[in-house]
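> I need the structure of the sequence given here:
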Amino acid sequence: MVFYEVENDRLERREQAKDCSRENVTVGYVTLKELEQEYSTFGFPKELLATCREAQSRSRSNLEVYDTFSFVLLWMPDLQNMRATQRRVALFLQKNLCLFVNISDTEQQSYGVLVRILENLGRRMTIERVIGSFLLHLVDGGSESLEHGEQQVTAMEERILSDHPDPEINRRLFRMKSRLTLQQSYYEGLVELGESLAENENNLFSESENFRYLNIAVSRIQRLSGHTQSMKEELEHLRETYQSALDYNLNNIMKLFTVVTTIFLPLSLIAAWYGMNFQMPEFGWKYGYLAVIVVSVAVLFVCLWFFKKKKLF
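From the prediction side, this is the model:
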């Protein structure tokens, strides 16, 4: 449990909630267990404890607005591995108070991030700036993740346009699209959260230029969401290109089989002709066997010349 408040134009650290003045802007960090013991000190109803416990099963950031406070659930995934175990942090917002609650962040990465944000803001700390900075942290690595995805798309496109497309490409495209879908859902949840906070429905925030920092965070997340949507559309076009490449290769194989079959049709006719149980005049000719061989070879070369002239292979 730790608290920071701006007092006498300085950022001060407190170890107990009772040491903080409700007249000053205060940002705190507690665990869920500590909140269960101290919730009445902050003036929160006991029902919110159940809300925190339920938050462990949620997979989307959201905001719940009450008359005198707001509850925010922040889902903190690894943008490089969206299916990894997700960290969750809750925010309880009151007038001049922002309380971070560690729900499932076992490594307490959110605490380290919060401390860096507060040290950077110093005496300029406000609730709006802290939330805006924290939202920006939640999308750190998003641009790098999308850039890496673009490199993968380019590599797959080169493989598709080669003579031997990788049969695993379709599966890789599906995995990438699934990851981007989760990532876009994450961004959209943060955008909705930021816009809802900016509406200031219960007047917890002061109407000041500090909202600019929250709007900056929302704008950046919206750009990432749009970029993610563009990547999903690009993957869809790439999948269509891959399917077209497979169809083209299949058509070439079928064309080859058709040419081979057509070439051997006259030879099959000759073989069937001389396989009939009839006494043919050339059976008594000493050059009859050689003549059939010459005719068969001549037919073969004529067929090959014809198909080559027609550029059928």
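
> Share the number of residues neighbouring residue 42, please.
Residues lying near residue 42 (other Cβ atoms under 10 Å) number 19. Placement of C-beta: from N, CA and C, glycine included.

> In contact with the residue nearest the centre of the chain, which residues?
The centre of the chain sits closest to residue 180, judged by Cα atoms, centre = their mean, with a distance of 2.0 Å. By Cβ atoms under 8 Å, 6 or more residues apart in numbering, the contact set of residue 180 is 149, 228, 231, 232, 235.

> how about a cut-off of 10 Å?
Residues near residue 180 by Cβ atoms under 10 Å, 6 or more residues apart in numbering: 82, 145, 146, 149, 227, 228, 229, 230, 231, 232, 234, 235.

> Show me where the chain has its strands.
With strands called from DSSP state E, the chain shows them at 2-7, 10-14, 26-31, 62-65, 70-76, 87-94, 97-102.

> Turn the ones you listed into TSV, columns for mean neighbour count.
As requested, the strands of the chain are exported to TSV (neighbours: other Cβ atoms under 10 Å):
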stretch	mean neighbour count
strand 2-7	20
strand 10-14	14
strand 26-31	22
strand 62-65	16
strand 70-76	22
strand 87-94	22
strand 97-102	24
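
> List just the one of these that sits closest to residue 128.
Among the strands of the chain, the nearest to residue 128 by Cβ to Cβ is strand 97-102 (9.3 Å).

> That closest one packs against which elements?
strand 2-7, strand 26-31, helix 32-42, helix 47-55, strand 70-76, strand 87-94, helix 109-121, helix 127-138 (3 or more Cβ pairs under 10 Å, 6 or more residues apart in numbering; DSSP states H and E).

> need the least confident one among those, by mean pLDDT.
The stretch with the lowest mean pLDDT among these is helix 47-55, at a mean of 72.

> just to revisit the earlier point, separation between the residue nearest to the centre of the chain and residue 299?
Going from residue 180 to residue 299 by Cβ to Cβ, to the nearest Å gives 57 Å.

> Over to residue 261?
For residue 261, the distance to residue 299 (Cβ to Cβ) stands at 14 Å.

> what about these two, which has more around it?
Shown here are residue 261 and residue 299; by other Cβ under 10 Å, residue 299 has more neighbours (17 against 10).

> Could I get the pLDDT score of the more buried one?
If you check residue 299, the pLDDT there is 86.

> any idea of the mean pLDDT in the longest helix anywhere in the chain?
When the chain is parsed with DSSP state H, its longest helix is helix 211-273. Helix 211-273 comes out with an average pLDDT of 84.

> For it, which helices and strands make contact with it?
Using 3+ Cβ pairs under 10 Å, 6+ apart: helix 211-273 touches helix 127-138, helix 142-161, helix 169-199, helix 288-309.

> Of those helices, which stretch is the most buried?
Neighbour counts (mean count of other Cβ atoms under 10 Å) averaged over each of the helices and strands packed on helix 211-273 peak at helix 127-138, with a mean of 22.

> packing partners for that one?
strand 26-31, strand 70-76, strand 87-94, strand 97-102, helix 109-121, helix 169-199, helix 211-273.

> Pull up the gap between the closest residue in space to residue 280 that isn't next to it in sequence and residue 8, please.
Once flanking residues are discounted, residue 280 sits nearest to residue 274: 7.3 Å by Cβ to Cβ, 6 or more residues apart in numbering. For residue 274, the distance to residue 8 equals 113 Å [Cβ to Cβ].

> between the two, which one's more packed in?
Neighbour count, other Cβ under 10 Å: between residue 274 and residue 8, residue 274 has more, with 14 against 7.

> Need the helices and strands packed on helix 211-273 in TSV (columns: distance to residue 121).
Formatted as TSV, these follow (distance: least, Cβ to Cβ, whole Å):
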stretch	distance to residue 121
helix 127-138	6
helix 142-161	22
helix 169-199	17
helix 288-309	77
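
> Quick check: which of those helices is nearest to residue 89?
Among those, helix 127-138 sits nearest to residue 89 (Cβ to Cβ), with 8.7 Å.

> Could you pull up the residues touching residue 94?
Contacts of residue 94 by Cβ under 10 Å, 6+ apart are 22, 26, 42, 43, 44, 66, 68, 69, 70, 127, 202, 204.

> Swap in 6 Å and give it another go.
Contacts for residue 94 (Cβ atoms under 6 Å, 6 or more residues apart in numbering) come out as residue 69.

> Could you give the bridge partners of it?
Bridge pairing for residue 94 (DSSP bridges) gives the partners residue 97.

> beta partners for the residue lying closest to residue 62 once chain neighbours are set aside?
Nearest non-adjacent residue to residue 62, counting by Cβ to Cβ, 6+ apart: residue 73, 5.4 Å away. When bridges are called by DSSP bridges, residue 73 pairs up with residue 62, residue 90.
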